[in-house]
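J.: I would like the atomic coordinates for the input below:
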Amino acid sequence: MNKILKARLVLVILLFIEGAQLCERWALLKLKRSFKDPANRLAYWSGKDCCHWEGVRCNEKTGHVVHLNLSPSLVYKGGDYWFNNFELLSSPELNSCLLELKHLEHLDLSGNDFNGSQIPSFLGYMKHLRYLNLSFAGFSGIIPPQLGNLSSLQILDLGYQRETVDNLNWVSSLSSLQYLGLSTIPSLLQIQLVNCSINSIHLPQGYKNSTFLSKVQLLDLRGNMLSGPIPNILHNMTSLRELYLSSNDLNSTIPLWLNHHKSLVHLDLSSNHFDNIEGGVLSMLNNACSLKSLDLSFNALRGEVLGSNHTSSGCIVYYLESLRLMNNEIGGNIPSWFGRLKSLKYLYLYSNSLYGPIPSSLGQLPILGELDLSNNLLNGTIPQSLGKLSSLEVLDLSSNSLVGIFSELHFANLSRLKQFNIGSNHLSCKVKSDWIPPFRLRVINMSSCNIGSQFPRWLQTQTEVSLLDLSNSNISGSFPTWLQGMSLYYLDLSMNSIGGQIPTNIFHRMHVLEILRLSSNLLNGSIPNSLCKVEGLQALDLSKNQLYGEIPDCWPKTIWLVVINLSFNKLSGHIPSSFGRINDLRWLHLNENGLSGELPLTLQNSTGLRLLDVGENKITGNIPTWIGEKLLALQILRLRNNMFSGSIPSQLCKLSVLQIMDLAENNLTGGIPSCFRNLTSMTAEKDVFRKYSVPSDDIPNNIGKMKFLESLDLSNNHLFGTIPKSLAELSYLSYLNLSNNNLSGRIPTGNQLQVIEDPPSSYAGNVLLCGTPLEKQCPGDDEPDQPPMSIIHGEDEDKSERFWFYFVVVLGYGTGFWAVIGILILKKNWRVAYFRFADNTKEWILMMIAVEVERLKKKIRRTNSSE
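T.: Residues are numbered from 1 along each chain as shown. Sure thing, here's the model as predicted:
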């Protein structure tokens with residue numbers, strides 16, 4: 001009984017669906033009949049399955065019509081895209097049969113002709129609509145406010161009609177709206193369509209007369225998909241005050257006409273692909289005197305686009321407050337006309353190719369607050385006039401080629417200075433020992449400055465510093481204890497000569513420290529346990545010192561460490577098991593120490609580890625299988641020069657992103673796992689350095705399949721057998737070391753094997769190897785083949801023929817030469833005639849050259865006069 005009821009229920013549902021689809025099909029056919037269709041676009045709307053009709057799409061599960069696109073195709077004419085007039089549908093009005101398409105989500109009627117009829121209000125009751133495009137469709141009249149009922153609508157395009165708007169209150173009800181296109185809104189002052197995936201084709205092409213455009217004051221199209229030159233539609237926006245086109249794909253040259261908008265106050269063209277400015281930056285400013293902010297950063301501007309120092313000014317007063325030109329390829333000098341921008345507060349020119357000195361005119365900007373000229377090619381000294389910038393808070397001159405002395409005179413009036421960055425130059429800092437700065441700095445970067453043998457005393461007064469970089473500054477002495485009084489999150493004292501021990505409890509009060517770099521100094525003693533208490537620490541670099549003792553085993557799970565570099569010290573003992581508690585650990589450098597014991601099992605918990613380097617230690621035991629099973633993100637594995645024993649685990653083949661593996665100089669036995677050929681990251685990327693260094697009984701014959709291998713080190717193992725010929729197929733190989741093994745036979749030749757630097761040393765210590773490039777010849781190479789006697793006789797005959805050939809040639813040349821010269825010597829009248837002919841020929845040639853030159857000059861003069 002239940003089965004019969006279920007069957008009847010299914011039958012009722014099927015009949016209902018079939019009935020609904022029948023209604024939708026009849027609605028589409030009624031819509032078809034309402035149109036004039038001269039191109040017969042809808043001629044194929046026939047049959048029962050309307051889901052396959054042109055422009056119609058249905059939901060795959062329910063079968064309901066959800067998509068209807070009746071827009072004609074686009075054609076490209078005269079540099080613009082236009083609707084194909086031969087395909088347009090026309091109707092006195094839009095038929096209400098569309099209401100039968102109750103599940104419709106996408107409706108596009110753009111480019112057709114509804115003969116000036118009003119947009120029907122019933123469209124406001126199609127509640128599932130997400131996309132509605134009625135642009136260029138010939139509607140007129142008042143836009144019905146019922147469209148505000150379409151709460152699911154994401155895109156509404158009513159552009160280029162003859163409609164009018166009573167008010168725009170209904171737009172606020174469109175809660176899901178992402179794009180709105182309207183062409184006749186006389187009162188509209190602002191258009192903000194940020195991140196709407198707008199393409200250049202959505203914008204009207206060419207020059208359009210529009211009252212609507214002429215009154216717009218703010219246009220914000222940031223984060224869209226605009227491409228090509230700046231759209232010509234901006235020509236008509238004569239009231240424009242703010243224009244934001246950043247983060248698009250615009251390119252070509254920034255046109256001069258853009259700056260003819262005299263009312264323009266804010267212009268942002270950043271993060272595009274512009275490569276030039278018509279007339280240069282100064283011309284832009286001279287044509288838009290009201291401009292307050294100009295952002296052209298993150299483009300491809302190149303060359304001397306800043307403008308000449310001699311360019312005449314077009315503005316009595318410049319109102320520019322912010323100029324952002326960073327991250328381009330701008331070259332040339334910084335012009336002195338920057339000193340005219342008296343209202344300038346922010347000047348960013350960093351990451352360009354500017355060269356020459358810093359103009360002293362920059363010191364004439366009375367309210368300049370931030371000056372960033374870093375990462376350029378600037379040279380010369382730092383002008384003392386910068387010390388007059390009493391409003392300056394940020395000064396960044398780092399990563400240039402500046403020279404000279406930086407003294408307290410440069411700080412004379414910088415009482416508001418918060419960030420001071422002069423690192424990576426060639427400067428010397430010399431201030432009086434009792435000098436008290438007028439500022440309280442938060443950022444100090446004086447890396448690569450010659451500070452002197454001691455820490456400057458004035459640094460102790462800067463208690464608000466959060467970033468301190470004094471790396472490579474020629475500092476000596478002991479580690480400064482006064483640092484614990486600062487709230488530092490970044491501390492870099494690397495590449496100095498700081499000696500002594502690191503104070504035991506100094507890190508107890510440095511709770512916010514994130515980056516600590518003390519590498520390349522003379523520090524000794526043990527690593528203080530207080531480092532384990534700095535839970536915000538992300539990078540720890542104590543490499544290249546003289547630290548000894550055991551590594552503290554107190555690292556908590558809550559610490560944020562990403563990088564640990566303790567390499568090139570004298571550390572001993574076991575690797576701490578607490579390293580395995582650090583969840584965020586990515587790079588672990590412990591090489592060049594005296595560590596012993598086995599790799600701690602807890603390291604398998606560091607599943608995000610990308611680099612593990614314990615080379616040049618005394619680590620024992622087998623290579624753990626969990627390296628290949630757990631550390632799947634590993635890219636670099638260095639276990640070189642330890643005391644590992646046993647065989648190479650095949651589990652290492654699971655390291656699919658491994659790029660460098662070095663297992664040489666251990667006590668490993670057995671062969672190389674055949675699955676090593678599956679380590680595709682060692683073969684797929686040409687631009688990544690790869691090293692494959694393992695012991696084995698022999699070298700696999702299929703090693704040539706690792707096509708992009710660049711470095712191969714199999715030295716100091718127990719390899720025997722011949723060198724595979726496939727090794728010659730490694731066309732990118734630049735380093736090879738097979739020394740100190742038991743290899744035998746002839747060395748293969750070909751490809752990179754012929755150009756490897758110092759090739760004999762690559763094969764040293766293999767007494768049974770022979771052939772090029774070694775001096776030892778292979779059997780059979782020392783007995784040159786004897787040619788047949790017939791060939792020898794043939795060679796003798798060839799030598800005789802060559803002798804007589806050259807003899808006849810020389811004899812003929814001598815006879816001809818003296819036959820001519822002898823007659824000229826003996827016959828005076830012949831001699832006179834010959835030299836007269838030579839002189840006449842020379843004079844004729846010179847005359848013809850003079851005539852041609854004069855003719856060319858006249859032609860050039862005519863060309864210039866015509867221009």
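
J.: separation between L256 and S428?
T.: L256 sits 45 Å away from S428, going by C-beta to C-beta, to the nearest Å. Backbone N, C-alpha and C define where each C-beta goes, glycine included.

J.: Please apply the same query to D492.
T.: For D492, the distance to S428 (C-beta to C-beta) stands at 19 Å.

J.: Just list whatever residues bridge to I564.
T.: Bridge pairing for I564 (DSSP bridges) gives the partners L540, L588.

J.: can you tell me which residues contact it?
T.: 540, 579, 585, 587-590 (C-beta atoms under 8 Å, 6 or more residues apart in numbering).

J.: Kindly reformat these as CSV containing distance to S424.
T.: Below are the contacts of I564 laid out as CSV (distance: C-beta to C-beta, whole Å):
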residue, distance to S424
L540, 23
F579, 33
L585, 29
W587, 24
L588, 28
H589, 24
L590, 29
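
J.: Could you check which of D492 and S428 has the larger neighbour count?
T.: Each of D492 and S428 has its neighbours counted (other C-beta atoms under 10 Å); D492 has more, 21 against 15.

J.: surely the more buried one meets S471?
T.: Yes: assessed by C-beta atoms under 8 Å, D492 is found in contact with S471 at 4.7 Å.

J.: so what's in contact with the two at the same time?
T.: 447, 517.

J.: okay, how far is it across stretch 750-764, tip to tip?
T.: Using C-alpha to C-alpha, to the nearest Å, one end of stretch 750-764 lies 19 Å from the other.

J.: Stretch 120-127 now?
T.: Terminal residues of stretch 120-127 are spaced 15 Å apart (C-alpha to C-alpha).

J.: If you count neighbours, what's buried in it?
T.: 120, 123-124, 126 (16 or more other C-beta atoms under 10 Å).

J.: Distance to L609, pLDDT and secondary structure for those residues - can I get that in a markdown table?
T.: Converted to a markdown table, the buried residues of stretch 120-127 look like this (distance: C-beta to C-beta, whole Å; pLDDT from 0 to 100; DSSP: H, G, I helix; E, B strand; the rest coil):
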| residue | distance to L609 | pLDDT | secondary structure |
| --- | --- | --- | --- |
| P120 | 65 | 90 | coil |
| L123 | 59 | 88 | helix |
| G124 | 59 | 88 | helix |
| M126 | 56 | 89 | coil |
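
J.: ok, which pair from the residues you listed is furthest apart?
T.: For the buried residues of stretch 120-127, the farthest-apart pair by C-beta to C-beta is P120 and M126; their separation is 10.4 Å.

J.: coming back round to it: which among the contacts of I564 count as buried?
T.: Among those, the ones that count as buried by 16+ other C-beta under 10 Å are 540, 579, 585, 587-590.

J.: Export those as TSV, with columns for pLDDT and distance to P229.
T.: Shown next, in TSV, are the buried ones among the contacts of I564 (pLDDT from 0 to 100; distance: C-beta to C-beta, whole Å):
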residue	pLDDT	distance to P229
L540	94	51
F579	92	56
L585	93	50
W587	95	46
L588	95	51
H589	96	51
L590	96	56
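
J.: Next one: the nearest residue to G339 once chain neighbours are set aside from L344, what distance?
T.: What sits nearest to G339 in space, not counting adjacent residues and going by C-beta to C-beta, 6 or more residues apart in numbering, is S361, at 2.9 Å. Distance of S361 to L344, computed by C-beta to C-beta: 11 Å.

J.: neighbour-wise, which of those two wins?
T.: Using other C-beta under 10 Å, the more surrounded residue of S361 and L344 is L344, with 23 against 18.

J.: Quick check: the more buried one touching Y319?
T.: No: the criterion here is C-beta under 8 Å, and L344 misses it with Y319 at 9.7 Å.
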